[in-house]
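*Asks:* Have a look at this prediction, sequence included:
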Amino acid sequence: MSIRERIAFFGQMRSNFEQTGALQPSSRRLAEAMAAPLRRFHANDATSATRILEIGPGTGAVTRAIAACMGPHDALDCYEINEEFVRYLRDAIRNDAALAPRADQIRIHHAAAQELTPADRFDFAICSAPLNNFDAVAIDAVLEPMLGAVTARGTATIFEYVFFPVLRRAISPGALGRRLRAAQSAKSKWLARCGRDSSLVLRNVPPARVYELGPLTGRPARLRARTR
């Protein structure tokens, strides 16, 4: 991660943690785990055009992993609500060594997931903001339009930090504890409905669990757990 990216990320984390959510940009291992379904798809079919959606790209840690997996005919739409990150990303897709080769295939939208329409359809969708910092209403507001936009053949990935959220729920009193438990219930609802697979990424600070989900119209398979 470059010094410029560190400054951009940590400046926004200090001033606007509600939007940033993450403690630091995703590690390379976590970013690769988030992009794994796209990488597997192109390993079997290198020529098909796919549409990719990323929610909350931040400074582009996961975006770079997506770009590395993209085929020549793929298109990536990134939805980011933080204005500073939008400016950073629009510059990065022109100048960042990992993103510039795909610049013509990437669009940055200064918009929330809720602005997706029924006509927006994607083969792969990735939420690059951790779910830990979202309340139940925000989780539903992100995942419902995101999963609703995934095609029948598509896959979505989300992640959350592990270990400390469990401790936080256990020690949080009153209204905060109820908020955290409601958020966990909302996430569990979506995993029960659409969850397919999960993997633990230990080489991230803090460690994280990545979940693969199917579209809202798909039949959920049994959720499998792995460690990367």
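*Replies:* Good, I have the coordinates.
*Asks:* only C-alpha atoms for contact and neighbour calcs from this point on.
*Replies:* OK.
*Asks:* close enough to count as contact, residue 149 and residue 122?
*Replies:* Yes. Using CA atoms under 8 Å, residue 149 is in contact with residue 122, at 5.9 Å.
*Asks:* State the helix or strand in which residue 120 lies.
*Replies:* Assessed by DSSP states H and E, residue 120 sits outside every helix and strand.
*Asks:* Tell me where the longest strand sits in this structure.
*Replies:* strand 150-161 (DSSP state E).
*Asks:* mind listing what's buried in it?
*Replies:* 150, 151, 152, 154, 155, 156, 157, 158, 159, 160, 161 (16 or more other CA atoms under 10 Å).
*Asks:* just stretch 104-121 next, same as before
*Replies:* Neighbour-count burial for stretch 104-121, counted by 16+ other CA under 10 Å, picks out 105, 106, 107, 108, 111, 112, 113, 116, 121.
*Asks:* Next: stretch 84-99.
*Replies:* 84, 85, 86, 88, 89, 92, 93, 98, 99.
*Asks:* tell me the contacts of residue 113?
*Replies:* 55, 79, 141, 142, 145, 146 (CA atoms under 8 Å, 6 or more residues apart in numbering).
*Asks:* Make a markdown table out of those residues and add secondary structure, pLDDT and neighbour count.
*Replies:* A markdown table is the format used below for the contacts of residue 113 (DSSP: H, G, I helix; E, B strand; the rest coil; pLDDT from 0 to 100; neighbours: other CA atoms under 10 Å):
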| residue | secondary structure | pLDDT | neighbour count |
| --- | --- | --- | --- |
| 55 | strand | 97 | 23 |
| 79 | strand | 97 | 24 |
| 141 | helix | 94 | 15 |
| 142 | helix | 95 | 19 |
| 145 | helix | 95 | 18 |
| 146 | helix | 97 | 27 |
